[in-house]
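Asker: Next input, structure requested:
(one chain, ligands or ions: 1)
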Amino acid sequence: MGKRAIITIDGPAGAGKSTVGRRLAQSLDYLYLDSGSLYRAVAWQSLRRGLDLDDPGVMGEFLPSFKPEIKADGAGFHLFIDGREVREEIRTPEVSRGASMVAKLPMVRRWVKEHLRWLARNGGVVADGRDQGTAVFPEAGFKFYLDAALRTRALRRLQDWRQNNDPPSLEEVMRDVEARDRQDETRDEAPLKVPPGAVVVDTTDLNVEQVVERCLAEIRSLG
Ligand code: C5P
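Answerer: Next up is the predicted model:
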């Protein structure tokens, strides 16, 4: 394959994008770009400041001054806000819902897109999200769309809470994931959909290695 390509991985929550994306980036020695983290960071900082996430005027004032430090490599995508790395705090259900709210605002989508395109200016990236192959990198050399049954995706999300003393029930997580899917698929701005030309992989019955192998095989055959 041509060196320093752009590879996109889109799909709904829990489809396996971030795990697969990181593995792919590592095996190709590319940068891994986690677009969802940027939406989460916007939501987290706005919530901390008590801002109304639904108000474009309020968000328009906040966004230009929000400058998280971003460090991306093959192993991960790290965000530092006010000098401190944010990790689990941007993964809570509250921040997930907040991320889906701010993700509806065109100005926030533009802000995220500009950061991602700057990080990908030299190619050599695996970008994971909901609109990477459609709106952010329509010119990408390789596009994947991962999907899986709702129950499987909710079970994977539940795994993320296994250390938590008070994990939500499977039904709660299923409702949450479904609501987020609906919001992501029906918004006006860059809705979640299969990008034209993307290879669709149903990961319901596949483990991470199998999905990564499948993607690498596609890349080798197309490249
Ligand atoms: O992927 P993750 O669960 O971290 O994304 C959080 C939320 O950010 C998603 O539910 C979606 O609303 C939004 N998002 C988006 N476009 C992306 C990545 C994430 O709208 N490219």
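Asker: Do a quick rundown of the strands in this protein.
Answerer: Assignment of strands within the chain using DSSP state E yields the ranges 6-10, 31-34, 69-72, 77-81, 84-86, 125-129, 142-147, 199-202.
Asker: what packs against the fifth one?
Answerer: Just to be clear, that refers to strand 84-86. strand 77-81 (3 or more CB pairs under 8 Å, 6 or more residues apart in numbering; DSSP states H and E). (C-beta placed from N, C-alpha, C; glycine too.)
Asker: could you say what helices and strands the strand it packs on packs with?
Answerer: Against strand 77-81 (3+ CB pairs under 8 Å, 6+ apart) you get strand 31-34, helix 35-48, strand 69-72, strand 84-86.
Asker: Any idea which of those gets closest to the ligand?
Answerer: helix 35-48 (2.3 Å; CB to the nearest ligand atom).
Asker: And the closest one, what's buried?
Answerer: Residues 35-47 are the ones in helix 35-48 that count as buried (16 or more other CB atoms under 10 Å).
Asker: Stretch 90-101 too?
Answerer: Buried-residue list, stretch 90-101, by 16+ other CB under 10 Å: 90-91, 95-101.
Asker: Show the contacting residues for D10.
Answerer: 17, 128-134, 143-146, 192, 194-195, 198 (CB atoms under 8 Å, 6 or more residues apart in numbering).
Asker: can you tell me if stretch 126-138 touches the ligand.
Answerer: Yes. Interface with the ligand: stretch 126-138 contributes 129-132 (CB under 6 Å from any ligand atom).
Asker: who in the protein is up against the ligand?
Answerer: Checking the chain against the ligand by CB under 6 Å from any ligand atom, the hits are 13, 35-36, 39-40, 96, 99-100, 103, 129-132, 180, 184.
Asker: Just give me the closest of the residues you listed to L216.
Answerer: Q132 (18.2 Å; CB to CB).
Asker: pretty sure that closest one contacts I9?
Answerer: Yes. With contact defined as CB atoms under 8 Å, Q132 reaches I9; the gap is 6.9 Å.
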